[in-house]
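Visitor: pasting the sequence and the predicted model now:
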Amino acid sequence: MKPPDLAPRNDAPAVRPARTATLMAGAYLVVAAAYILISSTFASEHSGSVEDLKRLEILKGLAFVAGSALLLFVVNFTTLRRIRRHELQTRRMERAMRNAEHSVLAGTFARSIAHDINNALGIATLNLDQLQTQLAHDPKRRALVDEADRALTRITDWNRRFFEIGGRQLLGDIRDLDLREVIQGTVELARQHGKLQSAQIEVSLPAQARYRGIASIIERAVLNLILNAADAAGETARIVVALSSAGHGSWSISVEDNGPGIAPALREEVLEPFFTTKPDGIGTGLGLAVSRSLARDHGGDLTLEPTAHQGGASFRLNLPISGEPVRESGPVPLQSADVSQARVLVVDDEAEIAGLMRDMLEGAGYEVATAESGAVALALLETARFDAVVSDLHMPEMDGATLWREVAQLHPALSRRMLFVTGDTLSPGASEFLRKVHCPGLDKPFSKTDLLAAVAQLLDSSATD
């Protein structure tokens, strides 16, 4: 998918200063010479005396000065207005660039700690899985663990959505969606933002809303619209998000607020990149432009409605017909792999995670060895046979990608039976690596069920190759 085109539109032809100035000076000389010749001829023919000729020459000079002044005013006014427009556009772009730099720094920092956050979530998830198994016959304590597990699931989902929606690339495949769930999840995510702590958000959804598309694109576009509405309406914001059918398999999502609305003179510019009415350091002028670009990347469009029921602004995100039938789908059962002789090597620099994975795999019948680094893993591969490798992707010294390259050279068959766990599969580098090497990935945090299913599928697919 190509990135959104956010370059400011400027269809005016390029101006050549020297050529333009020469043409204007030449035109002025021609007009001035013609005026002098014509006015002198007229004065000599219609003056009856020397006094009449003097008066006519004075009037002629005054007219020339007045005409020159008027021409000079028009030229300067046009030039200065054009310069002013360019200055405003330059300031908007500079402001957007400063804010973009801040966003990049924040994104870089968030990406740098994402691995540690997901490692911590992974440890908590795996330990809760263990507790749920051990407390299966203690309903009261099991209820407490289940409640903690639900809370952890919500935190995990929020973390995933923040990185997915805020990612540098729009990841995800076209798949069957329930637009009701997509919008409800996005609104729930938006409620966590500081801008909407005191805002009222109403959601209007139909009974069913099946669609085939890319969830992350729709989520990011709707989130931008909700945050923009919150900025416009302020602390007393009342935002209405409505999903409605546009007929024949297409849908429209409207986001309306009770803010001051958009002045008629600005309606044509409000969707353009770098246009903002917010103070310096607050708005980039890219929110609505990004939403429109996202909609167009999905084959749709974003429009500003002529009127809004609450008196503010109302934007409508139009989603076209998906072009593919929505299929009823259910979970596909995994075929059970024969684990009686399967040996798995777990590689992770986090000893707690490696130990938890070992316990879970051993509990399922696998023979498991652990290695705290890629170098130790290679040493173990030289002395023992393994049927599969479960490795962290981001590790110090030798990361998962380097380990895969070494395994591919020394044990080519085993390189096709490697599963990579990571808390950063949404990053372009991680997803591109997994795509190139044709190895599965498992997002942290994951549950015991996720881990066992991934390993069983890895061994089962290798057995059928």
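Guide: Nice, thanks for sending it over.
Visitor: by contact count, what packs against the biggest strand by length in the chain?
Guide: When the chain is parsed with DSSP state E, its longest strand is strand 238-247. If you count contacts as 3 or more CB pairs under 8 Å, 6 or more residues apart in numbering; DSSP states H and E, strand 238-247 packs onto helix 179-191, strand 200-204, helix 215-233, strand 250-256. No exception for glycine: its C-beta is placed from N, CA and C like everyone else's.
Visitor: need the winner for burial among the ones you listed.
Guide: With neighbours defined as mean count of other CB atoms under 10 Å, the helices and strands packed on strand 238-247 peak in mean count at helix 215-233, which reaches a mean of 23.
Visitor: now do it, average pLDDT.
Guide: Averaging pLDDT along helix 215-233 yields 84.
Visitor: report the distance from it to the chain centre.
Guide: 11 Å (CA atoms, centre = their mean, to the nearest Å).
Visitor: just stretch 182-201 next, same as before
Guide: For stretch 182-201, the distance to the chain centre is 17 Å (CA atoms, centre = their mean).
Visitor: now stretch 71-89
Guide: On CA atoms, centre = their mean, the centre of stretch 71-89 falls 37 Å from that of its chain.
Visitor: equivalent analysis for stretch 32-49, please.
Guide: Worked out by CA atoms, centre = their mean, stretch 32-49 lies 71 Å from the chain centre.
Visitor: what of stretch 51-67?
Guide: The answer for stretch 51-67 is 68 Å, by CA atoms, centre = their mean.
Visitor: give the rounded mean pLDDT of that stretch.
Guide: 78.
Visitor: in that stretch, what counts as buried?
Guide: 56, 60 (16 or more other CB atoms under 10 Å).
Visitor: so what touches that stretch?
Guide: Under the criterion CB atoms under 8 Å, 6 or more residues apart in numbering, residues 32, 35-36, 39-40, 42-44, 46-47 lie in contact with stretch 51-67.
Visitor: and for the closest residue to residue 262 other than its chain neighbours, the neighbour number?
Guide: Nearest residue to residue 262, sequence neighbours excluded (CB to CB, 6 or more residues apart in numbering): residue 313, at 5.1 Å. Around residue 313 there are 25 other residues, counting by other CB atoms under 10 Å.
Visitor: contacting residues around residue 313?
Guide: 229, 232, 256-257, 259, 261-262, 304-305.
Visitor: secondary structure class for residue 303?
Guide: Using DSSP: H, G, I helix; E, B strand; the rest coil, the structure places residue 303 in strand.
Visitor: tell me the SS of the closest residue to it other than its chain neighbours?
Guide: Counting by CB to CB, 6+ apart, residue 316 is the residue found nearest to residue 303 once chain neighbours are left out, at 5.2 Å. What three-state DSSP gives for residue 316 is strand.
Visitor: could you measure from residue 316 over to residue 211?
Guide: Residue 316 is 16 Å from residue 211, where distance means CB to CB, to the nearest Å.
Visitor: quick one, domains of the protein?
Guide: 175-319, 343-464 (automatic domain parsing).
Visitor: got the phi and psi for the residue of the chain positioned farthest from its centre?
Guide: Outermost residue of the chain with respect to the C-alpha centroid, by CA atoms, centre = their mean, is residue 49; its distance is 82.9 Å. When read as degrees, to the nearest 10, the backbone of residue 49 gives phi -150, psi 180.
Visitor: any idea how far residue 39 is from it?
Guide: Taking CB to CB, one finds residue 49 at 18 Å from residue 39.
Visitor: repeat for residue 142
Guide: With CB to CB as the criterion, residue 142 and residue 39 are 105 Å apart.
Visitor: again, but for residue 56
Guide: In terms of CB to CB, residue 56 sits 8 Å off from residue 39.
Visitor: ok, now residue 213?
Guide: 73 Å.
Visitor: okay, those two: which has more neighbours?
Guide: residue 213 (23 against 17).
Visitor: quick check: that one touching residue 219?
Guide: No - taking contacts as CB atoms under 8 Å, residue 213 lies outside contact range of residue 219: 10.8 Å.
Visitor: dump the stretch of helix or strand residue 376 belongs to to PDB, keeping only the CA atoms.
Guide: Assessed by DSSP states H and E, residue 376 sits inside helix 374-383. Provided in PDB are the C-alpha atoms of helix 374-383 (Å, rounded to 0.1, in the frame of the first residue of the first chain):
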ATOM      1  CA  GLY A 374      21.900 -16.900  20.400                       C
ATOM      2  CA  ALA A 375      25.500 -18.000  21.000                       C
ATOM      3  CA  VAL A 376      24.500 -20.600  23.600                       C
ATOM      4  CA  ALA A 377      21.700 -21.800  21.300                       C
ATOM      5  CA  LEU A 378      24.200 -22.400  18.500                       C
ATOM      6  CA  ALA A 379      26.400 -24.300  20.900                       C
ATOM      7  CA  LEU A 380      23.500 -26.500  22.000                       C
ATOM      8  CA  LEU A 381      22.500 -27.200  18.300                       C
ATOM      9  CA  GLU A 382      26.000 -28.500  17.700                       C
ATOM     10  CA  THR A 383      25.700 -31.100  20.500                       C
END
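Visitor: got the buried residues for it?
Guide: Applying 16+ other CB under 10 Å to helix 374-383 flags 374, 377-378, 380-381 as buried.
Visitor: relative to residue 237, which of those is nearest.
Guide: The shortest separation between residue 237 and any of the buried residues of helix 374-383 is 50.8 Å, and it belongs to residue 374 (by CB to CB).
Visitor: just to revisit the earlier point, hmm, the residue nearest to residue 303 is touching residue 256, no?
Guide: No - under the criterion of CB under 8 Å, residue 316 is not in contact with residue 256, lying 9.2 Å apart.
Visitor: overlap in contacts of those two?
Guide: By CB under 8 Å, 6+ apart, the residues touching both residue 316 and residue 256 are residue 305.
Visitor: tell me which helix or strand comes right after the helix or strand harbouring residue 353.
Guide: Taking DSSP H and E as the definition, residue 353 sits inside helix 351-363. Next helix or strand after helix 351-363 toward the C-terminus (DSSP H and E): strand 367-371.
Visitor: residues near residue 406, how many?
Guide: Neighbour tally, residue 406, other CB under 10 Å: 16.
Visitor: gap between it and residue 350?
Guide: Applying CB to CB to residue 406 and residue 350 gives a distance of 21 Å.
Visitor: what do you get for residue 75?
Guide: 71 Å.
Visitor: ok, the two, which is more surrounded?
Guide: residue 350 (19 against 12).
Visitor: I figured residue 210 hits residue 178, correct?
Guide: Yes - at 6.4 Å, residue 210 counts as touching residue 178 under the criterion of CB under 8 Å.
Visitor: so residue 239 makes contact with residue 233?
Guide: Yes - contact status for residue 239 versus residue 233: in contact at 7.0 Å, counting by CB under 8 Å.
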